[in-house]
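Asks: Dropping a prediction and its sequence here:
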Amino acid sequence: MSTLLQELEQAAQGLLFISESESPLEPFTLPAGTSAQTPADFLHALGKPDQPVEEVTLAYFFRNMVRTSPEQDLAQQATAQRFMALQGWLETHLQKVRVYRVGQVQVQAYTLGKTPDGLWLGLKTTLVET
């Protein structure tokens, strides 16, 4: 599992998720035996059972990060390509990939999936949405 965590750290290194702010993508794992099958399970694992939570697809979550257009400069296009590669890595190496958005206005977003050995691994970031 540490190999997957290192690969994920490398894939996300230096990427910023853009909302009304720019926040880094930080790798995380859940303790062994923790369930994140449902939004309620995930909130319980975080110790935040009363927080509002929304589940979205990975494609929806990354939709603005992977978008390219002719108006973008080379750096913007390269960043979009890195987000596409990151999305591909998550879909290839993790099972049951999901995104949980926890809270309102200052939203904690968690992208996670199961490793082949059954642990939950992913990325977290903060979104500001007013």
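Replies: Everything's here; your move. Note that this is a predicted model, so its numbers are computed, not measured.
Asks: Can you report phi and psi for the closest residue to Leu30 other than its chain neighbours?
Replies: Using C-beta to C-beta, 6 or more residues apart in numbering and skipping the chain neighbours, the partner closest in space to Leu30 is Trp120 (4.1 Å). Bear in mind the C-beta positions are built from the backbone N, C-alpha and C, glycine included. For Trp120, the backbone dihedrals (degrees, to the nearest 10) come out as phi -90, psi 130.
Asks: what's across from Trp120 in the sheet?
Replies: Counting by DSSP bridges, Trp120 is bridged to Lys114.
Asks: Then the one 5 residues further on?
Replies: Residues in a beta bridge with Thr125, per DSSP bridges, are Ala109.
Asks: for it, what are its contacts?
Replies: Thr125 sits next to 17, 23-26, 108-109 when contact means C-beta atoms under 8 Å, 6 or more residues apart in numbering.
Asks: could you flag which of the residues you listed are buried?
Replies: 17, 23, 25, 108-109 (16 or more other C-beta atoms under 10 Å).
Asks: Tell me where the protein has strands.
Replies: Ranges of strands in the chain, per DSSP state E, are 16-18, 22-24, 26-29, 53-56, 95-102, 106-114, 120-128.
Asks: Ala75: which of those strands is closest?
Replies: strand 16-18 (12.2 Å; C-beta to C-beta).
Asks: starting at the chain centroid, how far to the closest one?
Replies: The chain centroid and the centroid of strand 16-18 are separated by 11 Å under C-alpha atoms, centre = their mean, to the nearest Å.
Asks: Identify all contacting residues around that strand.
Replies: 22-25, 64-65, 109, 125, 127.
Asks: related to what we said a few turns ago, can you list the strands of the chain in CSV and add mean pLDDT and distance to Ser69?
Replies: Putting these into CSV (pLDDT from 0 to 100; distance: least, C-beta to C-beta, whole Å) gives the following:
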stretch, mean pLDDT, distance to Ser69
strand 16-18, 94, 15
strand 22-24, 96, 19
strand 26-29, 96, 28
strand 53-56, 96, 23
strand 95-102, 97, 24
strand 106-114, 96, 24
strand 120-128, 97, 22
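Asks: As CSV, these with distance to Met84 would be great.
Replies: Below are the strands of the chain laid out as CSV (distance: least, C-beta to C-beta, whole Å):
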stretch, distance to Met84
strand 16-18, 14
strand 22-24, 18
strand 26-29, 18
strand 53-56, 18
strand 95-102, 15
strand 106-114, 14
strand 120-128, 15
